[in-house]
Each structure stands twice: as C-alpha cells, then as structure tokens.
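Asks: build me a model:
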Amino acid sequence: MAVSIRLARVGRKNVARYRIVAADSRMKRDGRFLEIVGNYNPEAEPKQFDVKTERMAYWIKNGAQPSITVKNLLRQDKFWEKMEALDKGLASENLNVERRPERKRKAKVQKKKGGGE
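Replies: Residues are numbered from 1 along each chain as shown. Below you'll find the predicted structure:
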C-alpha cells in the first residue's frame with residue numbers, strides 16, 4: 001500500500017481549514033485516512049500550521065510520500081531539522097528551531113478584456 005501525506009479539507013463553505021493526514025494514495029481527497037498528523041489553517045493571521053513531529057517522522061521513515069504542498073509547509077516549519085534532531089535523540093520541544101516567515105506574494109495583475117479599439 002502506497003501511503004501519502006496530504007491535505008484533507010474540513011470546515012464549511014468559503015472557510016478553508018485542512019487536516020494533514022496519512023492516507024492510502026488510492027483514497028479520495030477527503031475520504032478514509034490512516035491517521036491525522038497535523039492541522040493547517042491558511043485563513044488565520046499569521047497562518048497556523050501544527051504537526052505531530054514524531055508521527056510525521058514515523059510515516060516518512062516508513063516510506064510515506066508527502067504531497068508538494070505538505071512538503072512546502074514542512075520546509076517552512078523547518079521539519080527536516082527537527083527530524084534530524086529526533087534521530088540524534090533530542091526532544092523536539094527543546095530545539096531552538098523557529099518557523100520561517102511567510103513568503104510575500106505579489107498581487108495578481110488583472111488583464112483588461114476587449115482588445116479592440
């Protein structure tokens with residue numbers, strides 16, 4: 001069974017919140033999953049992202065593949081440094097690893113319709 005770590009949407013219409021889940025890659029996006037590994041709230045200011053470091057490390061060590069979005073969130077949270085510290089036997093709470101600041105994005109430019117003059 002191929003396990004993927006991906007986002008599963010929860011919350012009501014127009015209020016997106018996500019669970020980070022370990023799921024069989026053949027299941028639907030919001031379907032059955034093996035374990036909830038974390039949460040992500042992109043609407044909060046600043047964006048809230050929390051993950052169970054030990055369980056995420058367990059799934060990755062056993063061959064689970066994180067999706068591109070989850071991989072980017074983990075990179076921003078400096079998860080790989082935390083995982084390395086766990087391998088060395090340090091507790092994740094004792095680390096002085098801080099989350100990277102959010103990336104600033106430019107506003108999308110609106111194209112004008114109707115090229116005729």
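Asks: chain center to the lowest-mean-pLDDT helix or strand in the chain: distance?
Replies: Among the helices and strands of the chain, helix 79-88 carries the lowest confidence by mean pLDDT, DSSP states H and E, at a mean of 78. With Cα atoms, centre = their mean, to the nearest Å as the basis, helix 79-88 stands 17 Å off its chain's centre.
Asks: against which helices or strands is it packed?
Replies: Using 3 or more Cβ pairs under 8 Å, 6 or more residues apart in numbering; DSSP states H and E, the elements in contact with helix 79-88 are helix 53-61. Any C-beta I mention is one placed from the backbone N, CA and C, and that applies to glycine too.
Asks: tell me the strands beside the following helix or strand past the helix it packs on, with direction?
Replies: Heading C-terminal from helix 53-61, the first helix or strand you meet, by DSSP states H and E, is strand 65-66. For strand 65-66, the paired strands and their directions (DSSP bridges) are strand 3-10 (parallel).
Asks: the partner strand vs helix 53-61, what angle?
Replies: Inter-element angle recorded for strand 3-10 and helix 53-61: 130 degrees (by axes from the mean of the first three to the mean of the last three Cα atoms, to 10 degrees).
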